[in-house]
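Participant: Build me a model:
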Amino acid sequence: MRHTLMLLSAALCLPAFASDALIDAYNADKVKIAEDYKTAIHQCEKGSSKLLAGCKKTATLVRQDALKAASQERDEALKCRDTCGRVVEVGSGEKQGEASAVGTVGGGVVGAVVGRKLAGGASSSTKNVATAAGAVGGALIGRKIEEKVRTHKAWVVTTQLYSGERQQAEFDSDPGLKQGDKVEIRDGKPVRR
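Facilitator: Alright, predicted model coming up:
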């Protein structure tokens, strides 16, 4: 009975986020801190033996500060787990523009005029067919031209929220974010915290 109570007590003390994106991010931070510490100690050992103790002490202090910051980040993120997370990917590329009625109608009008002119002195039914064909062709061409003219560079940022949800946001200019940045979603867009 006592053993069961201890297990139940331990289970109740586990944080609610024990196996989600927030704890995964926290654990990744701890692994990176450990790797950085190991590298720093290795660098200390390569240097002067007179400076070894001071170098190791500095490395230890830096590690302690980093662990404290990671714990604070985790605790702060608990307050905004549905809107906070980390950038997992930033990509950019050309985004095809969207055509409006202007390109389609304008192209159709020009196409109709050109079709009518090409029919020249033909019968009125031939002129009507040429005008209609010109209008359809012109509308398609006008639409494609407008799409091409409106094509622009776009950035897509993928964020892994601490709730586990992944979210993508598109930007028309460089958002200045990189993989690993800690962000909060505001008005549907990630903003560095």
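Participant: rest of the way, CA atoms for contacts and neighbours
Facilitator: OK.
Participant: Report the central residue of the chain.
Facilitator: residue 157 (1.3 Å; C-alpha atoms, centre = their mean).
Participant: Give the next helix or strand downstream of whichever strand or helix holds that residue.
Facilitator: In this assignment (DSSP states H and E), residue 157 forms part of strand 152-161. Remark: after strand 152-161, the chain's next helix or strand is strand 166-171, criterion DSSP H and E.
Participant: check contacts around residue 163.
Facilitator: 20-22, 81-82 (C-alpha atoms under 8 Å, 6 or more residues apart in numbering).
Participant: if we can go back for a sec, quick one, phi/psi of the closest residue to the residue nearest to the centre of the chain other than its chain neighbours?
Facilitator: Leaving aside its chain neighbours, residue 157 sits nearest to residue 90 (4.6 Å; criterion: C-alpha to C-alpha, 6 or more residues apart in numbering). Backbone torsions of residue 90, given as degrees, to the nearest 10, read phi -130, psi 120.
Participant: Hmm, residue 156 and residue 90 touching each other?
Facilitator: Yes. Contact criterion C-alpha atoms under 8 Å: residue 90 and residue 156 qualify, at 5.8 Å.
Participant: Need the per-residue pLDDT for residue 146.
Facilitator: Here, the pLDDT recorded for residue 146 equals 68.
Participant: Check residue 186 too.
Facilitator: On the pLDDT scale, residue 186 is placed at 94.
Participant: and what of residue 138?
Facilitator: So residue 138 comes in at 71 (pLDDT).
Participant: Count the residues that sit near it.
Facilitator: 25 (other C-alpha atoms under 10 Å).
Participant: Which strand or helix spans it?
Facilitator: Going by DSSP H and E, residue 138 is part of helix 124-149.
Participant: which secondary structure elements does that helix contact?
Facilitator: For helix 124-149, the packing partners by 3 or more C-alpha pairs under 8 Å, 6 or more residues apart in numbering; DSSP states H and E come out as helix 101-119.
Participant: chain center to the helix holding residue 138: distance?
Facilitator: In terms of C-alpha atoms, centre = their mean, to the nearest Å, the centre of helix 124-149 is found 40 Å from the chain centre.
Participant: Number the residues from 812 up from this point.
Facilitator: I'll keep to 812 as the first residue from here, and by that count the last item is helix 935-960.
Participant: sorry, back to before: does the residue nearest to the centre of the chain touch residue 897 like I think?
Facilitator: No. Counting by C-alpha under 8 Å, residue 968 sits too far from residue 897 to count as a contact (10.2 Å).
Participant: Who are the contact partners of the residue nearest to the centre of the chain?
Facilitator: So residue 968 contacts 898-902, 979-982, 988, 1001 (C-alpha under 8 Å, 6+ apart).
Participant: any chance of those in TSV, with neighbour count, distance to residue 877 and pLDDT too?
Facilitator: Converted to TSV, the contacts of residue 968 look like this (neighbours: other C-alpha atoms under 10 Å; distance: C-alpha to C-alpha, whole Å; pLDDT from 0 to 100):
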residue	neighbour count	distance to residue 877	pLDDT
898	25	20	94
899	17	21	93
900	16	24	94
901	19	25	93
902	12	29	89
979	15	29	94
980	14	30	93
981	18	32	91
982	13	32	91
988	16	21	94
1001	26	24	94
